[in-house]
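Colleague: just a sequence and a predicted model for now, questions to come.
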Amino acid sequence: MTMKNIILTLLLLTFTGGFLFSQEEQEKIIIYKYDIRKAIAAPVWRTTKKSLEEATLIGADYILIHMNTYGGQVDIADSIRTALLNYPKPVIVFIDNQAISAGALISIAADSIYMRPGGNIGAATVVNQTGEQVPDKYQSFMRGMMRSTSEAHGKKPVISNGDTTWVWHRNPEIAEAMVDPKIYVEGVSDTGSVLTLTTLEAIELNFCEGEADNIDDVIALAGIENYEIREFNPSGLEKFIQLLINPAVSGLLIMIIIGGIYFELQSPGIGFPLIAAIVAAIFYFMPLYLEGLAANWQVIVFVAGIILIALEIFVVPGFGITGGLGIAGIITGLTFGMIDKIVFRFGPSDGTGREIIIAFTIVMVSMLAAFILSIWISKKLFTSNRLFGSLALQKVMETDHGYISVDSVTQKSLIGKTGTAYTLLRPSGKIIIDENIYDAKSEIGYIEKGAKIKVIRDEAGQVYVVKE
């Protein structure tokens, strides 16, 4: 063999080896994995959406959900199960102990279910915040979702003694029995008890494809080889958004909103309390609205309340109907933003409207807590703390500086006199008459500092003036 042929042979082998290696890499199966190991709520729905989007972007062949949950919000579970049913690639769920209530609904939406030994799936009866079963209109809705989710996987052929019978991949009656204790499934459940399946029972009833101890076992049982696992890793922004839609953080934001608005009403103008309330409101509603968890009307009512409060502070003197309507709008928006959307679909779960009452109570308790906490913090910051104590107004109004103590006779003698606004009257402030400074209140609107004023009346120890 000549040197030329040897070189050509080496080049051919190198090219062929590289091609085969590249082909092997391209044929590697991509499994995209994410976790549902907390209560089914807004953060889980956001994680699901982002995971499915990223899996589609990288061309993943499978979705693998690592699940361990006791359930949560029905509307969130409905959104997740719909997304999984409509996803074009196979979805596998590994139940690492529990898939209860809303977790059972999501699991049934997957194409394949694998369970850890000692695991459970079921107990999907709809309950309220106190753990009590809600009326049958809710149970009927959940039964329908469980049934339709099972039916979505269709039927499969079973050959017995040469005869082919088509049976459900997952029996819809068993899914319904996980919701309604009145449903009887022969050989599976008795009436009077909600169905929950163990791992072995789920396998026997074709509700589970197999028993697995870990993720590697799940992949092996699914018959997947030469694979690569990609996992959902939230960015800093994703973690921040998930933090904001956490129910505990939402409660804290409500406290800041209510507390900030309350204290802003105690002093004219724009100050830190109002700014804090606006920022908290943005953080409260923005992620909920972007994720479709807050309805348009709830945001509109809340914003209308903010506008009415602003009108009360800057346009209408004193506190009256405008401010009251503004506060009512804010509380309404916050209250109904906390209620499960299923409540709006069917109405309150009982005659008392318990869900609405509970949400309203949470908002009002947050308001009271914000009020008490703000008073305590203000005392600590401005009286006990040397660093922040200088921020509090410490000035003494001495007579040598023009401030005088005014009795009722003197105040009445001021009626009809003219002077100058010593400070901005918004609507309260100070005026100067005959080189003496008095407390006064504008009768109509605000009066700029330095404007000419006239005293028109004295009422309940308060001097009222108008702009000349």
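Modeller: Sure, I can see it.

Colleague: contacting residues for residue 300?
Modeller: Residues near residue 300 by Cβ atoms under 8 Å, 6 or more residues apart in numbering: residue 333. C-betas here are computed from N, CA, C, even on glycine.

Colleague: and the helix or strand where it lies, what's buried?
Modeller: For residue 300, the enclosing helix or strand under DSSP states H and E is helix 296-314. Neighbour-count burial for helix 296-314, counted by 16 or more other Cβ atoms under 10 Å, picks out 298-299, 301-302, 304-306, 308-309, 312-313.

Colleague: all strands of the stretch 51-200 of the chain, in order?
Modeller: Applying DSSP state E, counting those that start in this stretch to the stretch 51-200 of the chain gives strands spanning 62-69, 91-100, 112-115, 120-122, 155-160, 163-168, 196-198.

Colleague: the inter-axis angle of the first one versus strand 91-100?
Modeller: Comparing the axes of strand 62-69 and strand 91-100 via axes from the mean of the first three to the mean of the last three Cα atoms, to 10 degrees yields an angle of 0 degrees.

Colleague: distance of residue 323 relative to residue 309?
Modeller: Using Cβ to Cβ, to the nearest Å, residue 323 is found at 6 Å from residue 309.

Colleague: thought residue 179 was touching residue 126?
Modeller: Yes. Between residue 179 and residue 126 there is a contact at 7.4 Å, judged by Cβ atoms under 8 Å.

Colleague: looking at the helix holding residue 300 now, give me its mean pLDDT.
Modeller: If you average the pLDDT over helix 296-314, you get 77.

Colleague: how about the following helix or strand past it as PDB, C-alpha atoms only?
Modeller: Of the helices and strands lying after helix 296-314 in sequence (DSSP H and E), the nearest is helix 321-337. What follows is helix 321-337, C-alpha atoms only, in PDB (Å, rounded to 0.1, in the frame of the first residue of the first chain):
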ATOM      1  CA  ILE A 321     -66.900  59.500  50.600                       C
ATOM      2  CA  THR A 322     -64.100  59.500  48.000                       C
ATOM      3  CA  GLY A 323     -61.600  58.100  50.500                       C
ATOM      4  CA  GLY A 324     -64.100  55.600  51.800                       C
ATOM      5  CA  LEU A 325     -64.900  54.300  48.300                       C
ATOM      6  CA  GLY A 326     -61.100  54.100  47.500                       C
ATOM      7  CA  ILE A 327     -60.400  52.000  50.600                       C
ATOM      8  CA  ALA A 328     -63.400  49.700  49.700                       C
ATOM      9  CA  GLY A 329     -62.100  49.300  46.200                       C
ATOM     10  CA  ILE A 330     -58.600  48.400  47.400                       C
ATOM     11  CA  ILE A 331     -59.900  45.800  50.000                       C
ATOM     12  CA  THR A 332     -62.300  44.300  47.300                       C
ATOM     13  CA  GLY A 333     -59.500  43.900  44.800                       C
ATOM     14  CA  LEU A 334     -57.200  42.300  47.400                       C
ATOM     15  CA  THR A 335     -59.900  40.100  48.800                       C
ATOM     16  CA  PHE A 336     -61.200  38.600  45.500                       C
ATOM     17  CA  GLY A 337     -57.700  38.200  44.200                       C
END
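
Colleague: list the helices and strands helix 321-337 packs on?
Modeller: helix 247-265, helix 272-290, helix 296-314, helix 354-379 (3 or more Cβ pairs under 8 Å, 6 or more residues apart in numbering; DSSP states H and E).

Colleague: what's the most buried one of these?
Modeller: helix 247-265 (a mean of 20; mean count of other Cβ atoms under 10 Å).

Colleague: between helix 296-314 and that one, find me the angle.
Modeller: Using the same axes, to 10 degrees: helix 247-265 against helix 296-314 is 30 degrees.

Colleague: tell me the mean pLDDT for helix 247-265?
Modeller: Rounded mean pLDDT across helix 247-265 is 74.

Colleague: quick one: residue 72 and residue 42 touch, right?
Modeller: No. With contact defined as Cβ under 8 Å, residue 72 does not reach residue 42; the gap is 9.6 Å.

Colleague: can you get me the start-to-end distance on stretch 193-212?
Modeller: 28 Å (Cα to Cα, to the nearest Å).

Colleague: in it, what's buried?
Modeller: 194-199, 201-203, 205-212.

Colleague: mind listing which of those residues are in helices?
Modeller: 199, 201-203 (DSSP state H).

Colleague: residue ranges of each domain in this structure, please.
Modeller: Split into domains by automatic domain parsing, the chain comes to 28-233, 237-389, 399-467.

Colleague: deepest of those domains, which one?
Modeller: Scoring those by mean count of other Cβ under 10 Å, the most buried comes out as domain 28-233, with a mean of 18.

Colleague: before we move on, the earlier item: ok, of the domains of the chain, where does mean pLDDT dip lowest?
Modeller: Looking at those, the bottom one is domain 237-389 with a mean of 69.

Colleague: pipe the strands of the stretch 51-200 of the chain into JSON lines and attach distance to residue 29 per row.
Modeller: Output for these, formatted as JSON lines (distance: least, Cβ to Cβ, whole Å):
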{"stretch": "strand 62-69", "distance to residue 29": "7"}
{"stretch": "strand 91-100", "distance to residue 29": "12"}
{"stretch": "strand 112-115", "distance to residue 29": "15"}
{"stretch": "strand 120-122", "distance to residue 29": "27"}
{"stretch": "strand 155-160", "distance to residue 29": "23"}
{"stretch": "strand 163-168", "distance to residue 29": "28"}
{"stretch": "strand 196-198", "distance to residue 29": "30"}
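
Colleague: pretty sure residue 327 contacts residue 277?
Modeller: No. Look at residue 327 against residue 277 with Cβ under 8 Å: they stay out of range, at 11.7 Å.

Colleague: identify the contacts common to these two.
Modeller: residue 261.

Colleague: which neighbours do residue 179 and residue 126 share?
Modeller: The contact lists of residue 179 and residue 126 share 139, 142, where a contact means Cβ under 8 Å, 6+ apart.

Colleague: specify the beta-bridge partners of residue 442.
Modeller: residue 465 (DSSP bridges).

Colleague: which residues touch it?
Modeller: By Cβ under 8 Å, 6+ apart, the neighbours of residue 442 are 317, 425-429, 464-467.

Colleague: same deal with residue 432?
Modeller: Contacts of residue 432 (Cβ under 8 Å, 6+ apart): 402, 419-420, 422, 438.

Colleague: distance of it from residue 467?
Modeller: In terms of Cβ to Cβ, residue 432 sits 15 Å off from residue 467.

Colleague: please give the element, helix or strand, for residue 220.
Modeller: Using DSSP H and E, residue 220 falls in helix 215-221.

Colleague: helices or strands up against that helix?
Modeller: Counting contacts by 3+ Cβ pairs under 8 Å, 6+ apart, helix 215-221 packs against strand 62-69, strand 91-100, strand 112-115.

Colleague: please convert the ones you listed to TSV, extending it with distance to residue 50.
Modeller: Below are these laid out as TSV (distance: least, Cβ to Cβ, whole Å):
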stretch	distance to residue 50
strand 62-69	13
strand 91-100	16
strand 112-115	22
